[in-house]
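*Asks:* Here is my input; please provide its structure:
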Amino acid sequence: VGLPGRVWRAAEPRWVAKIGEDSEFPRAGVAARAGLTSATAIPIIGANGVIGVIELLSRTTRPPDPEHAQELTTVGRQLAHYVARVRAEERLRESEERASAIFEAALDCVITMDHEGSVVDFNPAAEATFGYSRDDAVGRPLVDLIVPPELRATHRAGLRRYLATREPRILNRRLELEGCRSDGSTFPVELTVTRIGGRE
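*Replies:* Numbers count the residues shown, from 1 in each chain. Got it, this is the predicted structure:
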C-alpha cells in the first residue's frame, strides 16, 4: 500500500517530490499536518527478494536524485546483509538451545570428545552412570574416565589409527563393551560412536 507498497513491488527506490499531489499516498493528510512535504523509500533486498522497505519523509521538497537513490540502494543492501546475519544467528542460537535441551534431558549417556580424545561435554545421564560431574570430566582424556585400564591402550591405538587413515572401523555401529565407573567398578555398556559434522 502507498509508497512502501510500490517500492516493494518494484524492488527499487521511489520518490514523491510533493506528497500532497500523490493520489496513492494514504497518509498524506497526517504528513501535511506534520509539515512533511516529500518522501522517498528504499527496498531492503535479501537473497530471496525484498524483505522490507524503509520510508523517509522530509519537510523539504526533494526532487528525484539518481545519485542519492544509488546511495540509498547501497544502504538497503547493507541492511539486508545485516538482517540475514541476525536471522542466521537467531536460527543458530535456537538450534543450539534445542540441542542443549535434548542433551540435558537424554536418558542415555551422551559424551562428546575432541580429536585428541579429551571430553568436551558430559550430560547428566553420563554423570549419574559413571560417577563424574561434568566439571570433573570436561577437559580430561575420555579413555582415563570410562574405559577399563586393560582396554585403554586399544582405545588410544584405535583413535590414532582413525586420525591417520580416516577409516571408520567402529563409527555408527552398536558396540557391546565394558565401561568403568569413577570407583573403578566395571559394567557392560552398549554404545555408538558418531563423528559430529566436519570437526576432527
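*Asks:* What about the closest residue to E167 other than its chain neighbours, how many residues nearby?
*Replies:* In space, not counting the residues next to it along the chain, E167 is nearest to R161; the distance is 7.2 Å by CB to CB, 6 or more residues apart in numbering. C-beta here means a position set from N, CA and C on the backbone, and glycine is covered the same way. Other residues near R161 number 12, with proximity taken as other CB atoms under 10 Å.
*Asks:* now swap in P124 and tell me
*Replies:* Summarising burial for P124: neighbours were counted as other CB under 10 Å, giving 16.
*Asks:* element containing E71, please.
*Replies:* Of the helices and strands defined by DSSP states H and E, E71 is found in helix 66-105.
*Asks:* what is the mean pLDDT for the very next helix or strand once past that helix?
*Replies:* Stepping forward along the backbone from helix 66-105, the first helix or strand reached (DSSP H and E) is strand 111-113. Mean pLDDT, taken over the full extent of strand 111-113, equals 93.
*Asks:* quick one: strand 111-113 to chain centroid distance?
*Replies:* A distance of 21 Å separates the centroid of the chain from that of strand 111-113, by CA atoms, centre = their mean, to the nearest Å.
*Asks:* List the strands paired with that strand, with their directions.
*Replies:* Strands that pair with strand 111-113, judged by DSSP bridges, come out as strand 119-122 (antiparallel).
*Asks:* Buried residues of the strand it pairs with, list them for me.
*Replies:* V119, F122 (16 or more other CB atoms under 10 Å).
*Asks:* most remote residue from the protein's center?
*Replies:* Relative to the C-alpha centroid of the chain, counting by CA atoms, centre = their mean, E21 is the outermost residue, at 46.9 Å.
*Asks:* which residues of the protein score low on pLDDT?
*Replies:* For the chain, the stretches with pLDDT under 70 are 197-200.
*Asks:* what about the strands in the protein?
*Replies:* Counting by DSSP state E, the chain has these strands, from start to end: 14-16, 38-46, 49-58, 111-113, 119-122, 174-180, 186-192.
*Asks:* The ones you listed: which one's closest to G5?
*Replies:* Put simply, out of the strands of the chain the one that sits nearest G5 is strand 49-58, at 8.2 Å, with distance taken as CB to CB.
*Asks:* who's in contact with that closest one?
*Replies:* Residues external to strand 49-58 that are found in contact with it (CB atoms under 8 Å, 6 or more residues apart in numbering): 3-4, 7-8, 11, 19, 31, 34, 36-45, 76, 79-80, 83.
*Asks:* do you know which of the strands of the chain lies nearest R98?
*Replies:* Closest to R98 of those is strand 119-122 (CB to CB; 15.2 Å).
*Asks:* what pairs with T112 across the strands?
*Replies:* Legend: beta-bridge partners of T112 under DSSP bridges are D121.
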